[in-house]
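>>> Below are the sequence and a predicted model for it; my questions follow.
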Amino acid sequence: MNNVFRSAAALSLLAFSGLVAAEVAVIVNPGASKAPSQSQVANIFLGKDKSMKGVDHKDWTPTKDKFYSAVTSKSESQLKSYWSGLVFTGKGQPLPSVAGDAEVVARVAAEADAIGYVDAGAVNDSVKVLFTLP
Amino acid sequence: MLKRLLPLAICLASTTVYALDQGEYRLNGFGTVGFTHLGGEDEGRSYGVSGQTTDAWRGDQLSKFGGQFSYGLTDTLGVTVQATAKPLQDEWKANIEWAYLSWQATDALMLRAGRLRTPVYMYSESIDVGFSYPWLRLPDEVYSQVQLSNYEGVDANYSLPLSFGSLSFQVAGGQAKNRDYFAYDELYDIDYDKVFGANVSLASNDFGTLRVGYVEADITTDINGSVVGVVPPGVGVSQQQSLLNLKKNKGKFTSIGYQYDDGSWLSANEWTRRSVEGDGMESIDAFYLMGGRRFGEFLAHVTYAQLDDNGGRQTSWTYGLNYNIAPTVVLKGEYKRVDTSGGYDGVFVRGAQELYQNTVSERTNGAFGVPARNYDGDIVSVGVDFVF
């Protein structure tokens, strides 16, 4: 009983600290040959720069919202509008996407030229943090 | 131009544009359901690129639907087909707008061959995708100038990422035969030979996108109308009047556009000049200036547009309010006030008989015919744009 109570308290604390911090980390493979700047990361995720493989999130999560608003100043509908402009002019296709932070970390860990972004709490030793967005 | 750009493009191997992997396919769709109404003193008259804006609430000026299928034949070779259904004059028509093979030669260079959209205006290549621009009705003053939406030929697209954005070039060439041209309330046959276009776009992450484009073509058309005579001794006698006859006359079109969007403020502006060699007319200049501000899911915008055509002028103010119902669905409402001066019809539709009567009046100093006059209108449009 005591144990259950304690872990519940710990969980709620974790959740709380998660809410407060919720930093977004831009991550690359530890063996990455480049360290792109924030504007280069914007180019990669807007399909303008193909020198690295951007790994995107499938669903519009708070992490995704924060990443796109901080790096590209685009909201969800603006981003959709941007890509529809490229898709229907035959000039580009949205980046491949996976579901969830763990999948993004796994993809970035698996490919030398992959780049992604996740909640800072999801980062582990298999990837390198390029920079974090507060 | 083509000869100079291609080697440059090939040696500057670098980045951009995602091609589909082999066997991968994408199916995307878009559409607009919109209704529009012309009010004011000219009730009963038609307005618009194909004349469907009238004093009845009609859906066939703005509504359109499209689907696009892309398939990766190999990792660098792909095929794309886009079909649309949209009204032309008073009929719905199915069209193949895009049907091309694309080859991603390098990360930065893409070559395409087949039926391609003509890169005339800033919004040409997504002209049917209302979701990609803020208005329900693109500023008619500019967007009524060239009615050619696609051609058969080739193009090269080169894109270079920069530290602050990207720079892209496009060069296009081909022809477009047996197309429709809407003039004086009728559709005429028109041929465009030796279509050539080139444009450059500089996109910056913080300061917007500047695009400069040029397109030319050799135009052949014979626009004539059946009119009833008003000058003695031919009063009441039906006759054919030639209104415009072009035999491979070179038409030239220049567009300079600028777009800005920082997430809350946005602006879109374009200036165009159209001329046809040997048509005895001066060039037609048009522009629009648009500014808007987002408030959460709302976007409020205002646009001033002007069209100058051989002494006649059309001006308009458009006020619009958009609301994002969902990330891929936007509800739009617009009010546009249009006025012309200099005895000019602008984007209002004048029939062959009216044009003939106006011309007779001018040539006989008002002894016969009916003098040309000015028009005005209040246009209200509401609709929904979506993509999937």
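Cool, got the structure.
>>> Report the separation between residue A:101 and residue A:108.
Residue A:101 sits 11 Å away from residue A:108 when distances are taken as C-beta to C-beta, to the nearest Å. Bear in mind the C-beta positions are built from the backbone N, C-alpha and C, glycine included.
>>> So between these two, which is more surrounded?
In terms of neighbours (other C-beta atoms under 10 Å in any protein chain shown), residue A:108 is the more surrounded of residue A:101 and residue A:108; the figures are 27 against 21.
>>> Shouldn't the more buried one be within a strand?
No: using DSSP: H, G, I helix; E, B strand; the rest coil, the assignment for residue A:108 is helix, not a strand.
>>> ok, now how distant is it from chain B?
Here residue A:108 is placed at a distance of 18 Å from chain B (C-beta to the nearest C-beta, to the nearest Å).
>>> give the contact list for that residue.
Shown in contact with residue A:108 (C-beta atoms under 8 Å, 6 or more residues apart in numbering or on different chains): A:27, A:28, A:29, A:55, A:114, A:115, A:116, A:126, A:127.
>>> So residue B:87 versus chain A, what's the distance?
Counting by C-beta to the nearest C-beta - residue B:87 and chain A are separated by 19 Å.
>>> can I assume that residue sits in a strand?
Yes: counting by three-state DSSP, one finds residue B:87 located in a strand.
>>> close enough to count as contact, it and residue B:48?
No: contact criterion C-beta atoms under 8 Å: residue B:87 and residue B:48 do not qualify, at 10.5 Å.
>>> Of those two, which one has the most company?
Neighbour count, other C-beta under 10 Å: between residue B:87 and residue B:48, residue B:48 has more, with 21 against 17.
>>> number of nearby residues for the residue lying closest to the more buried one once chain neighbours are set aside?
Of all residues not flanking residue B:48 in the chain, residue B:61 sits nearest, at 5.3 Å (C-beta to C-beta, 6 or more residues apart in numbering or on different chains). Look at residue B:61: counted by other C-beta under 10 Å, it has 26 neighbours.
>>> okay, which residue is most central for chain B?
residue B:143 (3.9 Å; C-alpha atoms, centre = their mean).
>>> Against residue B:48, how distant is it?
Taking C-beta to C-beta, one finds residue B:143 at 10 Å from residue B:48.
>>> pLDDT at residue 50, what is it?
No chain specified, so I'll use chain A. pLDDT for residue A:50: 82.
>>> um, chain B though
For residue B:50, the pLDDT comes out at 77.
>>> which residue ranges form the strands in the stretch 251-388 of chain B?
Secondary structure of the stretch 251-388 of chain B, counting by DSSP state E, counting those that start in this stretch: strands at B:265-276, B:284-295, B:298-309, B:312-326, B:329-341, B:376-387.
>>> Which stretch among the ones you listed approaches residue A:76 most closely?
Residue A:76 lies closest, by C-beta to C-beta, to one member of the strands of the stretch 251-388 of chain B: strand B:312-326, at 8.8 Å.
>>> in what helix or strand does the residue positioned nearest the centre of chain A lie?
By C-alpha atoms, centre = their mean, chain A has its centre lying nearest to residue A:117, at 2.0 Å. Per DSSP states H and E: residue A:117 is located in strand A:114-119.
>>> List the neighbouring strands of that strand plus their orientation.
If you go by DSSP bridges, strand A:114-119 pairs up with strand A:24-28 (antiparallel), strand A:53-54 (parallel).
>>> Whatever helix or strand comes next after the last one and chain B, are they touching?
Using DSSP H and E, the helix or strand that directly follows strand A:53-54 along the chain is strand A:56-57. No: residues of strand A:56-57 contacting chain B under C-beta under 8 Å from any C-beta of the partner chain: none, with a closest distance of 11.2 Å.
>>> same for the helix or strand following strand A:56-57, what does it pack against?
Sequence-wise, the next helix or strand downstream of strand A:56-57 (DSSP H and E) is helix A:62-72. Judged by 3 or more C-beta pairs under 8 Å, 6 or more residues apart in numbering or on different chains; DSSP states H and E, the packing partners of helix A:62-72 are strand A:24-28, helix A:38-45, strand A:56-57, helix A:76-87, strand A:114-119, strand A:128-133.
>>> All set now, cheers.
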